[in-house]
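> Sequence and predicted structure, then a few things I'm wondering about:
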Amino acid sequence: MADSITFSFGENWSAYKKQVTQAQIDTSLKDLENWLGTENIKGKSILDIGCGSGVHSFNFYRLGASELVSFDYDIHSVNTTIEFWKEMNEPANWRVFQGSVLDEKLISELGQFDIVYSWGVLHHTGSMWEAIRNAMKPVAPGGKFWIAIYQGVDTYERDLTLKKRYNQASWLGKKRMVPYRVLRKIKTQLSRRENPFAWNKKNERGMDVYHDIIDWLGGLPYEVASVDQIKAFCEPEGFRLLKVDTTEGCAVYLFEKAA
């Protein structure tokens, strides 16, 4: 089966940006506050690796970041983030540009940050462990390293096959694969005795379920890691795990770098 990639994360984020509501944006902001605390964001320097829709960078800025750098490999994500930047009157302390976390020269020139954030990005680079190592480099001593990594180790081969099939499919074929995932979501809602008509409700990072499904189906390259693997990789580099959440497809990690 061919490994051709026909999906653009940035185009999906751009489509989402066109219909995002203030309530969805505020949900993302509350998630940042819950994980870090407002007092740990205001006045801090923040690096957003793989800025996607720009919603998180936008909220970091709203919460008072003193310096904000946002970059993404996908130009559509860059342009979508720039729309948020323009909404804030093009602040000089917020830079947005195209770049790759695998570009060691770029990483070495960024400087150091109080918070380095990369949600659901590093496992899509085609070289996940190198990406994680590079992403750790800009974290200042005592700084926070907040990442989300897919944890589906047991279902990896099956999921990878599905993603390849989606990328190989025609435009119509892709459209036909989405309703099946929607039905799975509705069945989950019913099993939890939740409102099945609320299947498309926003999640903690602000994205609605429909666009999240497309993001998951199309997402190649694709790698996974267990919590133990991530800890074993990061801790020898001087990072202490403060918090981990494994309730969703991505495990979310908050590390602190030794001072």
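Yes, it's here.

> which residues of the stretch 101-250 of the chain fall in helices?
With DSSP state H, counting those that start in this stretch as the criterion, the stretch 101-250 of the chain has helices at 104-109, 128-136, 156-168, 171-191, 209-218, 227-234.

> Comparing these, which yields the minimum mean pLDDT?
Sorting these by mean pLDDT places helix 171-191 lowest, at a mean of 77.

> Show me which residues of stretch 32-48 are buried.
Buried positions in stretch 32-48, judged by neighbour count with 16 or more other CB atoms under 10 Å: 32, 35-36, 41, 44-48. (Each C-beta comes from the backbone N, C-alpha and C, glycine too.)

> ah, wrong one, I meant stretch 237-253
Across stretch 237-253, burial judged by 16+ other CB under 10 Å covers 239, 250-253.

> between these, which is closest to G10?
For these, the minimum distance to G10 (CB to CB) is 18.7 Å, reached by C250.

> Run through the bridge partners of the closest residue to the closest one other than its chain neighbours.
Spatial nearest neighbour of C250, excluding adjacent residues (CB to CB, 6 or more residues apart in numbering): A148 at 4.1 Å. Listed by DSSP bridges, the beta-bridge partners for A148 are W119, V252.

> Could you measure from A148 over to Q22?
Separation of A148 from Q22 (CB to CB, to the nearest Å) stands at 24 Å.

> rewinding a little: name all residues that make contact with the residue nearest to C250.
Contact analysis of A148 by CB atoms under 8 Å, 6 or more residues apart in numbering lists 118-120, 250-253.

> can we see that at 6 Å?
Contact analysis of A148 by CB atoms under 6 Å, 6 or more residues apart in numbering lists 119-120, 250, 252.

> Also Y166?
Applying CB under 6 Å, 6+ apart to Y166 gives the contacts 177, 217-218.
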